[in-house]
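Colleague: here is my input; please provide its structure:
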Amino acid sequence: MYQKGFSFISGEYATSKLLKELDCPTPLLESLSLRLTSVDPYFKSIASLQDLRALKHLIVDAGGRLGYIKFIPKMIQTLFFRLWGTTKVLSQFTGLRNLSIANWANAGLSYDADPELTFPLLECLTWRLWHPSGMKPSAALLPHKIKAPSLTTLRLLDADAIVVVGDADTYHHVHTLDLLSSAPEEIIGFVKQNLYKYTALVNLTVFPRDLDVVRDEIRALQDQAPTGLNSLYTILSDKE
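Modeller: Numbers count the residues shown, from 1 in each chain. The predicted structure follows:
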């Protein structure tokens, strides 16, 4: 198997059939992207995608348990997931440079002893914390648990993420901040209450529809606005 990247985004039946047939070693595979309901049925007992020692980029848009996928955590540089677990599942990913967490789930687990983790190389952190049944209590703890001294880009992709990070009062050293919620009131509240704390901020990104109101709120901050902020960007769609 000489592929360096796999991306499975077709129907789940086709993806699962392909995974079951990939029972050979994949020592050169560097990138894997999966979109499934859950990884558990395909990786818990089936020898899919063996020998992932070269894997660097793992995108798993699926529920389930990350530990069922056999790779070397310290090799992973990019990790995107919406899987069950506490911050303990991240403790071995010491080489992360890009981390994206969506729908941080509770799944009946206890977070009382959730460890505080520091990722010395992490440059980009992305959160989407909305959950169909309401944001889980564990999600509000994430900014207190995940430390990233080298972080330069913080991407908050929904109202829950914006509120959680604002309340946590952290990550003030980032250079680029994305506030991409469909609820403008949370963005406005963040700008009013928290933006002045981001003293290293250079770039701020919002949706086009929010540009004028955010610009007005920044002007209202007057001398409290980040002195280095010289670019207010928009993106062209409401998709990540």
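
Colleague: wait, what's in contact with the closest residue to Val202 other than its chain neighbours?
Modeller: In space, Val202 comes closest to His175 once its chain neighbours are excluded; the distance is 4.7 Å by CB to CB, 6 or more residues apart in numbering. All C-beta spots, glycine's among them, are computed from the backbone N, C-alpha and C. With contacts defined as CB atoms under 8 Å, 6 or more residues apart in numbering, the neighbours of His175 are Thr152, Thr153, Ala200, Leu201, Val202, Asn203.

Colleague: one more time with 6 Å
Modeller: Counting by CB atoms under 6 Å, 6 or more residues apart in numbering, His175 makes contact with Thr152, Ala200, Val202.

Colleague: the second one reaches Tyr171, doesn't it?
Modeller: No: with contacts defined as CB atoms under 6 Å, Ala200 does not count as touching Tyr171, sitting 10.2 Å away.

Colleague: ok so, going back, just the closest of the contacts of His175 to Leu142, please.
Modeller: Thr152 (18.6 Å; CB to CB).

Colleague: what does stretch 201-210 rub up against?
Modeller: In this structure, residues lying in contact with stretch 201-210 by CB under 6 Å, 6+ apart are 175-179, 184, 187, 214, 226, 228-229, 231-234.

Colleague: selecting buried members of those in ChimeraX, what would you type?
Modeller: Only the buried members of these enter the following ChimeraX selection, criterion being 16 or more other CB atoms under 10 Å:
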select :175,176,177,178,179,184,187,214,226,229
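
Colleague: is the residue nearest the centre of the chain bridged to anything, and to what?
Modeller: Residue closest to the average C-alpha location in the chain (CA atoms, centre = their mean): Ser100, at 1.5 Å. In this structure, Ser100 bridges to Phe80, Thr126 when assessed by DSSP bridges.

Colleague: and if you look at Leu32?
Modeller: Note on Leu32: beta-bridge partners by DSSP bridges are Phe6, Leu58.
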